[in-house]
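Peer 1: Need coordinates for the below:
(chains A, B, C and D)
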Number of protein chains: 4
Amino acid sequence: MTSNIQLNDTNVGTGNALADRITSVRGLTEGLATGLSDADATVQSMDDASPAKWHLAHTTWFFETMILKENLEGYVVFDVRFPYLFNSYYEALGARHPRPLRGLLTRPSLDTVLAYRAHVDDGLQALMANPVSPDVEELLVLGIHHEQQHQELLLTDILHLFAQNPLRPAYRPGMPLDVDTRGAPGLHWTEFDGGRQTVGYRGDGFAFDCEGPSHDRLVEPFRLASRCVTNAEWIEFIAAGGYQSAMLWLSDGWATVNLEGWTAPFYWENRDGQWWSMTLRGAQPVDPNAPVAHISYFEADAFATFARRRLPTEFEWELASHTVPLDGKFNMLASDRLRPATARGDGLAQMFGDVWEWTRSAFSAYPGYKPDPGAVGEYNGKFMNGQYVLKGGSCVTPPDHIRRSYRNFFQPDKRWQFSGVRLAEDL
Amino acid sequence: MTSNIQLNDTNVGTGNALADRITSVRGLTEGLATGLSDADATVQSMDDASPAKWHLAHTTWFFETMILKENLEGYVVFDVRFPYLFNSYYEALGARHPRPLRGLLTRPSLDTVLAYRAHVDDGLQALMANPVSPDVEELLVLGIHHEQQHQELLLTDILHLFAQNPLRPAYRPGMPLDVDTRGAPGLHWTEFDGGRQTVGYRGDGFAFDCEGPSHDRLVEPFRLASRCVTNAEWIEFIAAGGYQSAMLWLSDGWATVNLEGWTAPFYWENRDGQWWSMTLRGAQPVDPNAPVAHISYFEADAFATFARRRLPTEFEWELASHTVPLDGKFNMLASDRLRPATARGDGLAQMFGDVWEWTRSAFSAYPGYKPDPGAVGEYNGKFMNGQYVLKGGSCVTPPDHIRRSYRNFFQPDKRWQFSGVRLAEDL
Amino acid sequence: MTSNIQLNDTNVGTGNALADRITSVRGLTEGLATGLSDADATVQSMDDASPAKWHLAHTTWFFETMILKENLEGYVVFDVRFPYLFNSYYEALGARHPRPLRGLLTRPSLDTVLAYRAHVDDGLQALMANPVSPDVEELLVLGIHHEQQHQELLLTDILHLFAQNPLRPAYRPGMPLDVDTRGAPGLHWTEFDGGRQTVGYRGDGFAFDCEGPSHDRLVEPFRLASRCVTNAEWIEFIAAGGYQSAMLWLSDGWATVNLEGWTAPFYWENRDGQWWSMTLRGAQPVDPNAPVAHISYFEADAFATFARRRLPTEFEWELASHTVPLDGKFNMLASDRLRPATARGDGLAQMFGDVWEWTRSAFSAYPGYKPDPGAVGEYNGKFMNGQYVLKGGSCVTPPDHIRRSYRNFFQPDKRWQFSGVRLAEDL
Amino acid sequence: MTSNIQLNDTNVGTGNALADRITSVRGLTEGLATGLSDADATVQSMDDASPAKWHLAHTTWFFETMILKENLEGYVVFDVRFPYLFNSYYEALGARHPRPLRGLLTRPSLDTVLAYRAHVDDGLQALMANPVSPDVEELLVLGIHHEQQHQELLLTDILHLFAQNPLRPAYRPGMPLDVDTRGAPGLHWTEFDGGRQTVGYRGDGFAFDCEGPSHDRLVEPFRLASRCVTNAEWIEFIAAGGYQSAMLWLSDGWATVNLEGWTAPFYWENRDGQWWSMTLRGAQPVDPNAPVAHISYFEADAFATFARRRLPTEFEWELASHTVPLDGKFNMLASDRLRPATARGDGLAQMFGDVWEWTRSAFSAYPGYKPDPGAVGEYNGKFMNGQYVLKGGSCVTPPDHIRRSYRNFFQPDKRWQFSGVRLAEDL
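Peer 2: Model prediction:
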């Protein structure tokens, strides 16, 4: 995180405000797990995903290990065996249970993990009953943002799990959503002059270390699409033989298409000529006007080549984002969310909170970047290889977790996130 | 199964007796699942194992599909999607969920599966309220024995699951068992003349098709060990470098030792110089006098080479078994079972119900063998490749499921069953 | 090998006769390599195959290591680095180059390997210039038979290599062979009474250790087909959907069919509706009357199920073989050989020297079998797992290497040998 | 390549000069293959490498397919089956032999491939006997540079092949080289102001398309090491536990270290405490003063972290390179080359022709980059994923193939190239 973190930003606060914020975020996580059975919360459906129970426990371990053990006098670790089970990848914090085996932990049960959460929550409130040092405050804020990241992963991982089940269970049942029959708005191209531009986080709130240092970039003039590529447009790409045309694809992408047998976005299946998609509401007909989601970088890039356009850089995207207000405040537990929405209105639409938008920028260090010292330094820097930056947040990103400078990152073959594509071109 | 099945054997009966027997066996299965959480019953810990929930549902599917659908008028299938989920390997019965993905089915829940069982149990009782045809009776008896096989698998698969958990949970907690300090009895060798011997099932009760036809074999004179190899003897084998001596092993066995890094029986771990083993009671010190269990054919064969002996053939074992009464009647739910016992007394000991004993006989067809027609014909014959016969039943085999002619079979690298070894030699 | 070996059999001889025999066999090996380029002789086309150069060197290493080093005074090892390179699998003889990497040895060159052969040949002749002990004589005879085994492998491995080349080069060019237009003779069934029969090698010549001890078996009455299954019959099996019918296959066989995508025998390809096969003469149209070759055990077994017959046991085959004279004397270097021949005449045909015939007998120890002590004891016994016995020899087996008691063995998925099938049934 | 290519640069020429240049470059390729046996030239030692014979044929196919077929009247394709065999990855040019199977092509022989080369060389000279269009000239120049790339690969692939051979054959035998006992010069740090800098190819000679468009970048002030990291410094890294310290490594790098068991640079082996390395002269003691070579990006990055420095960006490197003259003219066939040299003198040393230097820049498109239309457009753009840029050329790069703007690229785990590391740091 940035070293000059100021806690008076709108997202977090000092003293009671911070305590309230922690209560609120921690409570949301549990809210997201409501309705999951012990089994739902235990199974790991692929190596990339983690069980919901693990997310619940790991975020708790983070607070316990990074903060309470050192800073709360008299704190008693809930279970001395848990750090081994719930450390994710922090080499500095000792051995850990192998990631692909997380789904074998039928014990501790979901109930026990919830008790673990309550125990640590009590500890956090006890800690915050008295003033804490700036260092501790900084770690608490980091813990909040860390937990928000896992809220999104909990949802994407549950979707993946349920998608493997021939019964296609719904995370949030309810009625199928009406398809918006008004159609998607026409696609506009917004021009940007570029030039010398300052990028990266430069506010006084929280940001992850990899969002800085803020620095200047030269950006060539470019155009950016007013909205994301829609499902209807993607269906045209499929119909035009996009998944069979080697010339459209990066070499590694084409190899992946053939190895994995891709013929459509992840979670799509064709039922008698109609495309359906697995969603958090179960299998649903694909909405032609909604942004395409669950596509890989390879697919996004191939589509752009097909459309004779290209993907934006992360800097172009960040520059353009300043023309759009960032005020999305919605309730993640409301069941009318959890899906990308059809674009409406003028200007750049769908910049925040619909789908993560692949950029052509490899996830790498900004000039002058140095990971923080200590265990939290393993947060971002060691992943700066083989991944691309995604921008904007998705419909399952906690809305107050979204920033213009936020750099999400995934490998180019990953599809289980709510990832989509917005086109760009040179002026 | 044998075509001349007679239902007046001690294990099953006609009319009410058969209905009672089904109730009893079905009830035991549920009893074995008591104490498992929804998560415990859902997770699949390796491709060879199945979730407990799957065992509960599959055995139920067997009765529903093989019997009720065709023979109970008005029977309504519990859920039309279940046959796809719970067919195991019957090609004649249509497509099925891939075996390695059984553990992803967090739905239906354990409760729903138990409701499925009740629904089918009701159907079975309704069916048996009136006289049934011999064919149906035969299938009902087969269903009982099929379910008993899965009772054992349920236990071995749960043991495997719990063994993957660093918390080493106990299926049946309770106190650690006292080690029998009297020591194992000395090893005797019993001589058998051999000659022309009739083998295979020839009674009038139930037997699987592969146990027949009964036929004659020439058996050379041989000696058989009075008891199984003990853990203490296995520890000597380890100490003598058995797992590092290529010359003791079959070529495929040596490759497996190196690929898998075997240095001891499955589930064993060395804690500060003391061997412990994962058991259904959790991690326990290895009992030196108990038979070694959880060894592969490769290990059994290497040990025999090390001891300058050999494994018995299945025919030698069956011949010798006639000198021992088969009267083991124990309660599988009693927690003092579920482990191999120290040998006591004279004569051949531990022939039934301690550990499955590897033989050197490949699992193959007896002369004149023909699989039954129809779906049940896929029961044994199609597995007659790459497996060895094991005899005698283990401590987790339902005691009334054990027969002298019973031919259990597993691939030579499998270790998660309660499999052990008894030595033989030429006279 | 048998302990009571007598060297006055027709295949080998004492004194000068033995020296001549060695010269002849060693010369044939080199003759088989004639026409191969350095590159042809170096490349390894799959893990199961070895380069021709390796066969040339390994058989030479066998004589050098097992005999000359210990028994020829003053013998100088040709290159001290070669034992590491050319030991195959003898654990007792130290570390060796990993099998899958044999094809990376572009050095030593083919010329150097031929010089190695000449050096060892000189040593062998020097050794035999004086009387040798019975033990040495026995090893020399074993070396001859070992080399003959590798002669066959050299040919099957070269065929595999050339089959991977889109240019389909011919090992022995020349014109395509005329197809025998007379058609295959009708299939007869010969009946055998069975009963107590003596099997295994019981002569006074050479036999491998696994061919004994000679012992009695009970054989049930059976019928054996008068000839092997033909290509025409196999084409019917294909046309009837044999490769798509799960119910015909062993479970492991069906898995292999799907994993490997088998739709026809190995080396077959369909060119505009006509089946062609890669042969030692290059790609050739499939001869409908010739025995099918290059099929796996799984395919042989599925075909037998399709034909409502079964495979014979090795004992049935051996018993039947006594009704056929074994006098095949042909020149392996004559280019009109190297292919299975159409059956002609009465009685059992094609028993020797056409295709190896899969039996349903797992390769296992005969009663009383004990491997020889020392390094040569690793010859057969350690492979007694997961393999089936094949009988009769193929068109690329050196004719004087064929015996009724000979037990060839391969895993059930192997197809690169000249392996075929003869049907049997119960009487 | 750049669209405004001018052929009057120093590397190539028009008319006779171009013809001479082609003769010279083509002749060098054959010179590099001198001393290789047919087998050496045929075997493929890993999927990443190609056989020397394949390099000889593929570069020839490039001229034949891209130029002669369309532009030389009456040209007869040498063998119509070769395009399938020797197309590398051009999707636009049809199906091709799978890359991992290149080493199975024992035919055509090396002699036939050399005849193929002569045939195409004749065609090229015939073509150039008359004036050619600018488009054809451009393709001829591209063919030259393409062939030069394969000259380097031929050497690195032969080194890899010979390194797999326990005999450790030398590509260029001769005496082991004296170690330079004067020691490596001290390490200096050269400062650069950075600022707005023009990067990418902007001359009027040849450059690959990915070297442009030339454009401006903002470069922060930085320091660059005066020489590459030496073997002596790498030995210190090993001794300090560098390969065992997770905290030094990128996450993917640490996974690779453990999966592959890396403990030293590729080709290094420790003989009784002394480090040796496989080289084109066979196994040689590691020269402490020479630049370390055969390291991956992961290792380069871990070393930089260990040294509390970082890798340079490709733009920093290019900027710094303008302070060093590029005049390396050496004879690649001289056996005193083919190894990185000890640094001497003041200023930045070893910038050109010693080892390829890993940069931290992902290989990606420059602003405004568009691949050329047609088959040659598959040259670079489709590989812009998962690779890093390397700069400067190595001791086996043809000296007139080196440019300041040249962007070599490899995946971060590759080690078989002559790849090394130069450190940078922020000012």
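Peer 1: Count the residues that sit near the nearest residue to A:Val286 once chain neighbours are set aside.
Peer 2: In this structure, A:Val286 finds its nearest non-sequential neighbour in A:Trp275, 4.2 Å apart by Cβ to Cβ, 6 or more residues apart in numbering or on different chains. Yep, even glycine has a C-beta here, placed from its N, CA and C like the rest. When neighbours are defined as other Cβ atoms under 10 Å in any protein chain shown, A:Trp275 has 18 of them.
Peer 1: Next one: A:Glu91 relative to A:Gly381, how far apart?
Peer 2: 12 Å (Cβ to Cβ, to the nearest Å).
Peer 1: What's the per-residue pLDDT of A:Pro340 here?
Peer 2: Listed pLDDT for A:Pro340 reads 81.
Peer 1: didn't it look like it was pressed against A:Asn289?
Peer 2: No. Taking Cβ atoms under 8 Å as the definition, A:Pro340 is not a contact partner of A:Asn289, at 10.0 Å.
Peer 1: what about stretch A:252-270, near chain D?
Peer 2: Yes. On the criterion Cβ under 8 Å from any Cβ of the partner chain, stretch A:252-270 is in touch with chain D at A:Asp252, A:Gly253, A:Trp254.
Peer 1: Beta-bridge partners for the residue nearest to A:Val286, please?
Peer 2: Beta-bridge pairing for A:Trp275 (DSSP bridges): A:Asn270.
Peer 1: element containing the residue in chain A sticking out farthest from the centre, please.
Peer 2: The outermost residue of chain A, judged against the average C-alpha position, is A:Gly74 (35.8 Å), by Cα atoms, centre = their mean. A:Gly74 is part of no helix or strand, with elements assigned from DSSP states H and E.
Peer 1: Equivalent analysis for A:Lys69, please.
Peer 2: Using DSSP H and E, A:Lys69 falls in helix A:69-71.
Peer 1: can you check A:Pro83 too?
Peer 2: Assigned by DSSP H and E, A:Pro83 falls in helix A:82-86.
Peer 1: And the average pLDDT for that helix is what?
Peer 2: Rounded mean pLDDT across helix A:82-86 is 96.
Peer 1: hmm, back to that, contacting residues for the residue nearest to A:Val286?
Peer 2: A:Trp275 makes contact with A:Asn231, A:Ile235, A:Ala264, A:Trp268, A:Glu269, A:Pro285, A:Val286, according to Cβ atoms under 8 Å, 6 or more residues apart in numbering or on different chains.
Peer 1: So which bits of the stretch 301-427 of chain A are right by chain D?
Peer 2: Counting by Cβ under 8 Å from any Cβ, the residues of the stretch 301-427 of chain A near chain D are A:310, A:360-362, A:364-365, A:367-368, A:378, A:382-386, A:412, A:426.
Peer 1: same deal with the stretch 151-300 of chain A?
Peer 2: A:196, A:215-218, A:220, A:246-247, A:249-254, A:298.
Peer 1: Any figure for the gap between the residue of the stretch 201-350 of chain A found nearest chain C and chain B?
Peer 2: Of all residues in the stretch 201-350 of chain A, the one sitting closest to chain C is A:Gly261 (14.3 Å; Cβ to the nearest Cβ). Between A:Gly261 and chain B the distance is 15 Å, computed by Cβ to the nearest Cβ, to the nearest Å.
Peer 1: Could you do A:Ser251 as well?
Peer 2: For A:Ser251, the distance to chain B - Cβ to the nearest Cβ - is 30 Å.
Peer 1: what's the burial count for that residue?
Peer 2: 18.
Peer 1: from the residues of the stretch 301-427 of chain A next to chain D, which single one is nearest chain D?
Peer 2: For those, the nearest to chain D is A:Ala362 (3.6 Å; Cβ to the nearest Cβ).
Peer 1: how many neighbours does the nearest residue to that closest one once chain neighbours are set aside have?
Peer 2: Once flanking residues are discounted, A:Ala362 sits nearest to D:Ala362: 3.6 Å by Cβ to Cβ, 6+ apart. Other residues lying near D:Ala362 total 24 when counted by other Cβ under 10 Å.
Peer 1: In strands, which of the contacts of A:Trp275 fall?
Peer 2: A:Trp268, A:Glu269, A:Pro285 (DSSP state E).
Peer 1: List only buried entries from those residues.
Peer 2: Buried residues within the ones in strands among the contacts of A:Trp275, counting neighbours by 16 or more other Cβ atoms under 10 Å in any protein chain shown: A:Trp268.
Peer 1: Which residue comes closest to A:Ala225 once chain neighbours are left out?
Peer 2: Nearest to A:Ala225 is A:Leu423, by Cβ to Cβ, 6+ apart, at 4.4 Å.
Peer 1: Just give the number of residues close to the one you found.
Peer 2: If we define neighbours as other Cβ under 10 Å, then A:Leu423 has 23 of them.
Peer 1: next one: A:Ala207
Peer 2: Around A:Ala207 there are 22 residues (other Cβ under 10 Å).
Peer 1: so who does the single nearest residue of the stretch 301-427 of chain A relative to chain B touch?
Peer 2: Here the stretch 301-427 of chain A gets closest to chain B at one residue, A:Trp416, 14.1 Å apart by Cβ to the nearest Cβ. The contact partners of A:Trp416, taken as Cβ under 8 Å, 6+ apart, are A:Met46, A:Asp48, A:Ala49, A:Thr156, A:Asp157, A:Leu159, A:His160, A:Phe266, A:His294.
Peer 1: again, only this time at 10 Å
Peer 2: A:45-46, A:48-49, A:153, A:156-157, A:159-160, A:163, A:266-267, A:294, A:296, A:410 (Cβ atoms under 10 Å, 6 or more residues apart in numbering or on different chains).
Peer 1: mind showing which ranges of the stretch 201-350 of chain A have poor pLDDT?
Peer 2: A:328-337 (pLDDT under 70).
Peer 1: Could I get the full set of strands for it?
Peer 2: Using DSSP state E, counting those that start in this stretch, the strands of the stretch 201-350 of chain A run over A:215-219, A:222-225, A:268-271, A:274-279, A:282-285.
Peer 1: No further questions, thank you.
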